[in-house]
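Q: I need the structure of the sequence given here:
(chains A and B, ligands or ions: 2)
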Amino acid sequence: MAGKLVYFLLLVVVMVAMPVYSEAQDNTTTMDNSTENDVPKFVTTKPQFTEGIFPCSNCHAAMTPNRQRRELSFHTEIQLNHAKRQRWCLDCHDADNRNVLKLANGDHVTFEESYNLCGQCHGNIFRDWKTGIHGKRIGYWNGDKTYYLCVNCHNPHSPHFKPLKPLPMPAHPQDVTKIKSTTSIEVDGRKLYIPVYEK
Amino acid sequence: MNRRNFLKTAALGVGGILLPAKDSPASVWESFFQKYYREMNDKEKKDVVARLEKEYEEKYKKHIKVKTNAPLPKVLYGYGLDLSRCVGCRRCVYACVTENNQSRNPQIQYITVLQFEQGEKWVSDLEESNKYYNPETVPAPEHFYMPVQCQQCEKPPCVKVCPTQATWKEPDGIVVVDYNWCIGCRYCMAACPYNARKFNWGEPTIPVDEINTETHYLGNRPRIKGAVEKCTFCIQRVRENPGRYPACVEVCPVGARKFGNLLDPESEIRVLIETKRVFRLKEELNTQPKFYYFFSL
Ligand code: SF4
Ligand code: SF4
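A: Ligands and ions are numbered 1, 2, ... in the order given. As a prediction, the model looks like this:
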């Protein structure tokens, strides 16, 4: 009899505690979510799309997605040199909505916020990028900044830097007086002057 | 001629050589008797700025604004350069020349990009490096690059040796030059272990259409023959509020250059000092540069 009473009391205690417990669980999940959504929205430069390619739905809307990993017969100019053996197009591009990118958890991000996609694998670099140690940002050191997107500097399909032509070397001391004039050249959309030497 | 008369004539003669001619324009007299920048009050600064702007207008047929912004409170500028990223493309060199109205001919450049062979014993051996590299493309295989410019030392040897105190360290850490007070003795150049100071051997020339008209008295205003100049962390940009990043920071295509306030724990310069491997050039000289080289890889 006493055994039964104890059993009953225990049952009551469990019943009362149950909602409290599940509520506590709910709390943790929301908290988890909020930390994950906490990646602030950065002011970034625009992603560079190939002329006439974006929005992708222009062409893809009329096509049935083929999820098969295969050699593409279109987009052949794209060289996939980015962990080629581990992935292919649909790991980053969404099969059903080509105008957005897809995270590993299935969520969508726009091309403007592609850093969230890159940050999935490159966590350390993403952390450095957010604080401004990695990558390029312009604007005000104590005010508003524009962050360069990862894809402004790295080609996402082939991320290694392309070699660059260096600007002219400084004049040798013996040539200092041989500068005749200067001429302007366009470098990455900026006008820069370079010296012209006497022959 | 007795001694007294000799001295009198000599004094007159010397005075005659040193002083501007009687019929020189008033502005020449004014610039000759211009006060030391650090001793000018606001009114005097305004007058000097007005005179300079007028002179520049006559010379370049363009309005050139000369600012005299004072240091911002609670700011100590610091610079970072990521040696794992720099590819030696020299974009920074030319952006600096354009921003800071450096003479194109004779050539003056504040930034020197040094090339080293990988594995070379380097930091202690700067003289072994090569600044005259010119391959088709950079980075050249098996090489790495280290740009050097003014390190804005906390204990600047250049300031110490200047006989006229024409150069000094500002409260925000920038080492500046009053070009009108500089007598061109170049002691500072001999004292600088980083080869950061440049001398105007000839009349500086800048193509008029390339002049940057936003200038600071202590920075990129047009210079004169016989004066020493140097990187000022783009004082005309960084001392605005909010202040822009220096020109070399913004141009670097690989984002190797970092800039911020050493007194602000949120600033990228502080974060990088605290989280990366950093070093300062020629640390053993106790110059205490505010320029931090770092490795992000
Ligand atoms: S622009 Fe950047 S990558 Fe190019 S030489 Fe200067 S610091 Fe190095
Ligand atoms: S901070 Fe400004 S002045 Fe100094 S090297 Fe860079 S561009 Fe030139």
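Q: Burial check on residue B:134, number of neighbours?
A: Number of residues near residue B:134 (other C-beta atoms under 10 Å in any protein chain shown) recorded here: 12. No exception for glycine: its C-beta is placed from N, CA and C like everyone else's.
Q: mind listing the helices for chain B?
A: B:3-18, B:26-32, B:42-60, B:91-99, B:157-161, B:187-191, B:235-238, B:247-251, B:268-275 (DSSP state H).
Q: any chance of those in a markdown table, with mean pLDDT too?
A: Below are the helices of chain B laid out as a markdown table (pLDDT from 0 to 100):
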| stretch | mean pLDDT |
| --- | --- |
| helix B:3-18 | 61 |
| helix B:26-32 | 71 |
| helix B:42-60 | 96 |
| helix B:91-99 | 96 |
| helix B:157-161 | 98 |
| helix B:187-191 | 97 |
| helix B:235-238 | 98 |
| helix B:247-251 | 97 |
| helix B:268-275 | 97 |
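Q: what residues are up against the spatially most central residue of chain A?
A: The centroid of chain A falls nearest to residue A:115 when counting by C-alpha atoms, centre = their mean (2.1 Å). For residue A:115, the contacting residues are A:42, A:44, A:126, A:129, A:147, A:149-150, by C-beta atoms under 8 Å, 6 or more residues apart in numbering or on different chains.
Q: Kindly recompute the last result at 7 Å.
A: A:126, A:129, A:149-150 (C-beta atoms under 7 Å, 6 or more residues apart in numbering or on different chains).
Q: hang on, the earlier thing: winner for burial among the helices of chain B?
A: helix B:235-238 (a mean of 26; mean count of other C-beta atoms under 10 Å in any protein chain shown).
Q: what's the distance between the closest residue to ligand 2 within the stretch 1-150 of chain B and residue B:57?
A: For the stretch 1-150 of chain B and ligand 2, the shortest gap (C-beta to the nearest ligand atom) falls at residue B:96, measuring 3.1 Å. Per C-beta to C-beta, to the nearest Å, residue B:96 is found 25 Å from residue B:57.
Q: So which bits of the stretch 151-297 of chain B are right by ligand 1?
A: B:251-252, B:254, B:256-257 (C-beta under 6 Å from any ligand atom).
Q: switch to 8 Å and redo it
A: Contact residues, the stretch 151-297 of chain B versus ligand 1 (C-beta under 8 Å from any ligand atom): B:248, B:251-257.
Q: coming back round to it: mind picking the one among the contacts of residue A:115 that's closest to chain B?
A: residue A:129 (9.2 Å; C-beta to the nearest C-beta).
Q: name the element the residue nearest to the closest one when sequence neighbours are not counted belongs to?
A: In this structure, residue A:129 finds its nearest non-sequential neighbour in residue A:135, 4.8 Å apart by C-beta to C-beta, 6 or more residues apart in numbering or on different chains. Using DSSP states H and E, residue A:135 falls within no helix or strand.
Q: who touches residue A:135 in this structure?
A: Applying C-beta under 7 Å, 6+ apart, the residues contacting residue A:135 are A:129, A:147-148, A:153, B:255.
Q: ok, those residues vs ligand 2, which is closest?
A: residue B:255 (14.5 Å).
Q: The closest one: how many residues sit nearby?
A: 23.
Q: Tell me the spacing between it and chain A.
A: 3 Å (C-beta to the nearest C-beta, to the nearest Å).
Q: Phi first, then psi, for that residue.
A: In terms of degrees, to the nearest 10, the main-chain angles of residue B:255 are phi 70, psi 30.
Q: For residue B:145, list each beta-bridge partner.
A: residue B:115 (DSSP bridges).
Q: Just give me the neighbour total for it.
A: Residue B:145: 23 neighbours (other C-beta under 10 Å).
Q: so it touches residue B:84, yeah?
A: No: between residue B:145 and residue B:84 there is no contact under C-beta atoms under 7 Å: 10.6 Å.
Q: Which residue, neighbours along the chain excluded, lies closest to residue 60?
A: Defaulting to chain A. residue A:98 (4.2 Å).
Q: hm, I was asking about chain B
A: Nearest to residue B:60 is residue B:208, by C-beta to C-beta, 6+ apart, at 5.4 Å.
Q: contacting residues for the one you found?
A: B:60-62.
Q: Quick check: which ranges of chain B have low pLDDT?
A: B:1-19, B:22-27, B:121-125 (pLDDT under 70).
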